[in-house]
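> Sequence below, structure please.
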Amino acid sequence: MKTDLNKEYWENRYQNKKTGWNIGHISTPLKTYVDQLTDKSLNILIPGAGFGYEAQYLINDGFKDVTVIDFSTSALNRLQESLPQIPTSHFIEGNFFDHNGSYDLIIEQTFFCALQPELRADYAKKCSELLSLKGKLIGLLFDFPLTEEGPPFGGSFREYQQLFSEYFRIKTLERCYNSIKPRDGKELFFIFEKSITTTR
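Here you go, the predicted model:
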C-alpha cells in the first residue's frame, strides 16, 4: 500500500527531523546558476521549499520577489523567521497544484522527486501554466532507476526529456558536474524554457 504523501506526512517528517534531503545550504549547482543571474527583479517561485536555503540565498543576493510553497507549517515558520523582510504573502502553505500566479523562474530542488510518480505529468503542465512567456524552469532531477521505494523517487534522462518536451524547450539536460558529494553521479542539471507552442 502506498504512503499518502500529503500535508500530514510532510509535517510529521519535519516535526520528527526526518529530513534526510536537508543539506543545510543551497546546493552547489543551484548556487552556480543563481550567481550568473543579473536581473534581480525576476519573479521567482520555489515549490516544496522546505527550510528554503535557496530562497535565503536569493534574498541575500539581492533578489526581491521570491515566493515559496510548502505543505509544512513548521518548515515555513522557520523560513519566515529567517526572512522577516519578505511579505508574509510570499510564504504559501498549501498544495503546489492549487497555486495560481505568474513567474519568470521556477527553481526545482528535491520537490519533483518527492511527488508520487503519477503526478509528474501534472507537475510539468502546472509549471508551464505558472510561467510567463519564455519563463524558465531550472534545477536538479535525480538520475537513478525509478522504483516504488521513495521518496525520493528516481528517473532517467529519457523519461524527463519525454515528459517535459510537451511543455518546454529543453535548453539544458545533462549530468551535473558539481553535485554535492552524496549526490555525485546521481543528478541531472536542467534548464527548460516555456514553449510558446504549448497546448493545454
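> any weak-confidence spans in this protein?
1-5, 7, 9-10, 13-24, 146, 148-150, 197-200 (pLDDT under 70).
> wait, what's in contact with Lys136?
Applying Cβ atoms under 8 Å, 6 or more residues apart in numbering, we find Lys136 in contact with Asp104, Leu105, Ile106, Lys171, Ile191, Phe192, Glu193, Lys194. C-beta here means a position set from N, CA and C on the backbone, and glycine is covered the same way.
> Looking at strand pairing, list the partners for it.
Leu105, Glu193 (DSSP bridges).
> follow-up on the earlier one: would you mind listing which of the contacts of Lys136 are buried?
By neighbour count, with 16 or more other Cβ atoms under 10 Å, the contacts of Lys136 hold Asp104, Leu105, Ile106, Ile191, Phe192, Glu193, Lys194 as buried.
> can you redo those residues as a markdown table with distance to Asn12?
Listed next are the buried ones among the contacts of Lys136 as a markdown table, based on distance: Cβ to Cβ, whole Å:
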| residue | distance to Asn12 |
| --- | --- |
| Asp104 | 34 |
| Leu105 | 31 |
| Ile106 | 26 |
| Ile191 | 34 |
| Phe192 | 32 |
| Glu193 | 37 |
| Lys194 | 35 |
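> Can you tell me which of these is closest to Ile26?
Among the buried ones among the contacts of Lys136, Leu105 lies closest to Ile26 (Cβ to Cβ), at 14.6 Å.
> Can you pull the phi and psi angles for the nearest residue to Pro117 once chain neighbours are set aside?
The shortest distance from Pro117 to any residue other than its chain neighbours is 5.4 Å, reached at Phe153 (Cβ to Cβ, 6 or more residues apart in numbering). With angles defined as degrees, to the nearest 10, Phe153 sits at phi -100, psi 140.
> ok, Phe153 to Thr28 distance?
As judged by Cβ to Cβ, to the nearest Å, Phe153 and Thr28 stand 23 Å apart.
> Then Asn60?
16 Å.
> Compare these two (neighbour count), which wins?
Taking other Cβ atoms under 10 Å, Asn60 and Thr28 do not tie; Thr28 has more neighbours (16 against 10).
> Pull the contacting residues for the more buried one.
Residues near Thr28 by Cβ under 8 Å, 6+ apart: Asn178, Ser179, Ile180.
> need the strands for this structure, in chain order.
43-47, 65-70, 91-93, 103-108, 131-142, 168-175, 187-194 (DSSP state E).
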